[in-house]
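Asker: Give me the fold of what follows.
(2 chains)
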Amino acid sequence: MNVLAAVRENDVNLPLTLHVLGAGLLVGTLLAVATAIVLGWKRDGDAVALTRLGLKTLLLGVFPAYVLMRVGAQWTEAAEDLPDDFEPAWLGIGYITADAGAILILISMILSGLGLRKLGSGGGLGLGRAVGVISLLLLAAYVVAVWAMSGKPD
Amino acid sequence: MAFYDWLLALHVLSAITVIASLTALWILIIATRPAGQAITPESAMTYGRVGGPLVGIGMVGTVLLGIWLAIDAEGYQLWDGWILASLILWAVAGWAGGQAGRAFQKDPVAGRQTGIRFQALTSLAVFVILVLMIWKPGA
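Answerer: Predicted coordinates for the structure are as follows:
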């Protein structure tokens, strides 16, 4: 596959750039969510503000980054014009983490919406922590995905 | 996985670390804008101490593994135009990133505009490196 990558057509460059940029933004927004919520977990005085920052970042930042990453991935695969029976492990890992990640992001968005509403009335920290834990899980999954997509294990 | 594949995987992981930590720092910049500061200055500093070093770790990993890859791969040389341009941009990004960190740490209020300008320069240089790495002009 590295040989394929080395001689790839120029048609692939733009979608691949968007895919990699989207992946970086996705990991970055998740890192921001996890950092803010974990810091809030440890800081009683600023817990509400940090949790609010984390939940807002998840709602406004994570989903657009995911869409950019996912659209870029699909576009790249289409531009590569891979054979129908081409099903390597790394591509499977990419699909699994992307699709399972979409479900977890959707759940996190619902929890974030509920959490932001409850933060105004003195609650919502528990929901925020749940979103923080999911973000950490997603971060770990996407690190594995980046490793698999770039190292391309058999 | 072959040795080259491991080098490439760690190189890309380092690059993703750079993009991700810069993104996280941009979110911090937005969260601490004077018009609507979302978190306390102490929390902002602690948050910055997570994102800032991650940029440095990613930058070092990216360049060391990238040079190793260029030496290891038969198809590429360190003096290829797109690799040389990337190395120069890497130095610019590293310098600007350091300046941004210093500006924000020295005085988060008075140094904010300077810090944002250097952060923007870092981000732009990293984006151009990403484009060069994927498009490989002249290769």
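
Asker: Would you mind naming what in chain B lies close to chain A?
Answerer: Neighbours of chain A within chain B, by Cβ under 8 Å from any Cβ of the partner chain: B:1, B:4-6, B:8-9, B:11-13, B:15-24, B:27-28, B:31, B:38-40, B:42-43, B:46-47, B:50-51, B:54, B:75, B:127, B:130-131, B:134-135. For the C-beta atoms, the positions are set from N, CA and C on the backbone; glycine is no exception.

Asker: Of those, which count as buried by neighbour count?
Answerer: B:5, B:8-9, B:11-13, B:15-24, B:27-28, B:31, B:38-39, B:43, B:46-47, B:50-51, B:54, B:127, B:130-131, B:134 (16 or more other Cβ atoms under 10 Å in any protein chain shown).

Asker: Keep only those of those that are in helices.
Answerer: When DSSP state H defines the helices, the subset of these inside them is B:5, B:8-9, B:11-13, B:15-24, B:27-28, B:31, B:43, B:46-47, B:50-51, B:54, B:127, B:130-131, B:134.

Asker: The nearest residue to A:E77 once chain neighbours are set aside: which element?
Answerer: Using Cβ to Cβ, 6 or more residues apart in numbering or on different chains and skipping residues adjacent in sequence, the residue nearest A:E77 is A:L91, 7.9 Å away. Take DSSP states H and E as the rule and A:L91 turns out to sit in helix A:89-119.

Asker: Report the rounded mean pLDDT for whichever helix or strand comes after that helix.
Answerer: Downstream of helix A:89-119, the next assigned helix or strand under DSSP H and E is helix A:125-151. What helix A:125-151 shows for mean pLDDT is 96.

Asker: what comes up buried for helix A:125-151?
Answerer: Under 16+ other Cβ under 10 Å, the buried positions of helix A:125-151 are A:125, A:127-132, A:134-139, A:141-143, A:145-151.

Asker: in the chain, which residue is closest to the centre?
Answerer: All of this is about chain A. Most central in chain A under Cα atoms, centre = their mean is A:L26, positioned 4.2 Å from the mean C-alpha point.

Asker: should've been chain B
Answerer: Centrality entry for chain B: nearest residue to the mean C-alpha point is B:V18, 4.2 Å, by Cα atoms, centre = their mean.

Asker: Tell me who's in contact with it.
Answerer: With contact taken as Cβ atoms under 8 Å, 6 or more residues apart in numbering or on different chains, B:V18 is in contact with A:24, B:55, B:58-59, B:62, B:126.

Asker: For chain A, what lies in contact range of chain B?
Answerer: A:2, A:6, A:10, A:13, A:16-17, A:20-21, A:23-25, A:27-29, A:31-32, A:35-36, A:39, A:43, A:45-46, A:49-50, A:52-53, A:56-57, A:61, A:143, A:146-147, A:149-154.
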